[in-house]
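based on what follows, work out the 3D shape:
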Amino acid sequence: MTPAENPPIYAVVLAAGKGTRMRSNRAKVLHTLCGVPMVNYAIGAIRSLSPERTLVVVGHQAEEVRAGLPPDTEPVLQEEQLGTGHAVRVALGAIEEEDGILLVVNGDGPLISDRTLGGLVERHRSADVGATVLVAEPPDPTGLGRVIEDAGVVRIVEERDATVEEREVRQVNLGLYAFGLPEIRDALGKLETDNSQGELYLTDALEIIGRESRAVTYRLKDLEEANLVNDRAQLARAEEILRRRILDAHMRAGVTVRDPVSTHIEATVEIGRDTVILPGTFLRGETKIGADCVIGPSTDLLDTVVGDGASVEHSVGRGAGVGAGAKVGPFTYLRPGTILGTDSKVGAYCEVKNTKVGDGSKVPHLSYVGDTEIGERSNLGAGTITANYDGVNKNRTRIGDGVFTGVNTSLIAPVTIGDGAYLGAGSVINKDIPPGKLAVGMPARVIRDAPGNDKQKRTRDETEG
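Numbering: from 1, shown residues only. Just a heads-up that it's a prediction; the model follows:
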């Protein structure tokens, strides 16, 4: 085809409304589904059509809506919300081009697919008309505007205004359109506000175009996509559908989900092949799970990265990193800034915050470790506590390689424990401990070399000799 037969696409997303039926202090299009603002789903579906520009009409809570939009969109402000026709008129004010297709999509239609939008545009091109509207035939059209076609004229009749005969029509309007740019500019200039709301209706423009240059319909093939979100019940219904789609995609890509009904995975999450997700698991935000992992049951990870072969059981992660082969849980809380090294372990009833745990090191159970650096192959006994806060400042604890702490050890930061040191059970450490030494007591004092240290030193000297 020549370029003339494929005019450029300019997309407009309507996202200016308040959404009164949501009963919310937040703009409707900012309500999230599977972790993503609903307006961004419509934008994602448009993106595959490679439009020249994607304009998003914002109005209510404009700054907040702008902040949540993808960077490849252009927000256009509708200062007064005077109807859908007025919103499109505002968007056209930002488009100087004279030729092309204007694709108009609702920001509260998160289930629409790129396949459907592509079909709508192709129908518009092949029919060579001024306007094309997406329609559906739901099992029960009650409450929806009926689409009446007559010799190239397409009218939208609201149910309250429809005759008995028109109410028998099952074809309904979904509020998605493809327009020729010249035709929609001309039609919007002819709109009037002689209606009960005093607004400019885009549906009136559709009828004007039909009378002057023909309009046609394009029927939706998957009725699931027809679910618009106007209240909380519809929001939940749409999220249920999206959640199922996300889970299906992961399972088809090689992830095992033992119980899809109880598993929630947001749209931005990545999961590697052969990972198993057990029941009751929530994976959210920018979480990334590697291959061959076991996650769950009853695990909640937000913005957390898990390496290949790791396991996280009955635990919570927030902005943490879990190394390859590491084991976490059960009942562990990984707070922001926590990085677990390869083959490390944080066991039952532990809380770890802003801490690096070295390769092969273990924090087995009943411990709090905050603002700490732990070297490789160290072992913290049950009940080990790093006292990182002095009432004014957060202080750091440094634990070297091969360190062993007995049960119920308290480390009063700032403090450094040298490589190979051994801390006796119940010790309170408020001074640095040299490498290879044993310290015990409250407060702890160094009494001799750590157990096994003489043998280690002799072996090292013989090797070096």
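
mind checking how far the residue nearest to P260 when sequence neighbours are not counted is from S24?
Of all residues not flanking P260 in the chain, L247 sits nearest, at 4.9 Å (CB to CB, 6 or more residues apart in numbering). Placement of C-beta: from N, CA and C, glycine included. For L247, the distance to S24 equals 27 Å [CB to CB, to the nearest Å].

which one's more surrounded, those two?
Each of L247 and S24 has its neighbours counted (other CB atoms under 10 Å); L247 has more, 18 against 15.

doesn't T263 make contact with that one?
Yes. The pair L247 / T263 is scored as a contact, 6.5 Å apart, by CB atoms under 8 Å.

now the common contact residues for these two.
V257 (CB atoms under 8 Å, 6 or more residues apart in numbering).

can you list the domain ranges for the protein.
Following automatic domain parsing, one gets these domains for the chain: 3-226, 255-464.

with distance to L235 and mean pLDDT as added columns, please give these in CSV.
What follows is the domains of the chain, written out as CSV (distance: least, CB to CB, whole Å; pLDDT from 0 to 100):
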stretch, distance to L235, mean pLDDT
domain 3-226, 6, 92
domain 255-464, 15, 93
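
redo those as CSV? Include distance to A233.
Formatted as CSV, the domains of the chain follow (distance: least, CB to CB, whole Å):
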stretch, distance to A233
domain 3-226, 10
domain 255-464, 18
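
buried sites along the helix or strand harbouring the residue nearest to P260?
Here L247 sits within helix 232-252, counting by DSSP states H and E. Across helix 232-252, burial judged by 16 or more other CB atoms under 10 Å covers 235, 238-239, 241-243, 246-247, 250.

tell me what that helix is packed against?
Contact here means 3 or more CB pairs under 8 Å, 6 or more residues apart in numbering; DSSP states H and E; on that basis helix 232-252 packs against strand 32-33, helix 38-47, strand 256-257, strand 264-265.

all strands for the stretch 151-300 of the chain, in order.
Along the stretch 151-300 of the chain, the segments classed as strands by DSSP state E, counting those that start in this stretch run 153-157, 172-180, 215-219, 256-257, 264-265, 270-271, 276-277, 282-284, 288-289, 294-295, 300-302.

how about CSV for those strands, with mean neighbour count added?
As requested, these are exported to CSV (neighbours: other CB atoms under 10 Å):
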stretch, mean neighbour count
strand 153-157, 20
strand 172-180, 24
strand 215-219, 20
strand 256-257, 17
strand 264-265, 22
strand 270-271, 19
strand 276-277, 20
strand 282-284, 22
strand 288-289, 22
strand 294-295, 23
strand 300-302, 22
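
distance to D432 added to those strands, as a markdown table?
Compiled in a markdown table, those are given as follows (distance: least, CB to CB, whole Å):
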| stretch | distance to D432 |
| --- | --- |
| strand 153-157 | 78 |
| strand 172-180 | 68 |
| strand 215-219 | 74 |
| strand 256-257 | 48 |
| strand 264-265 | 46 |
| strand 270-271 | 42 |
| strand 276-277 | 44 |
| strand 282-284 | 40 |
| strand 288-289 | 37 |
| strand 294-295 | 39 |
| strand 300-302 | 36 |
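
out of those, the one nearest G381 is which?
Closest approach to G381 among the strands of the stretch 151-300 of the chain (CB to CB): strand 294-295, 26.3 Å.
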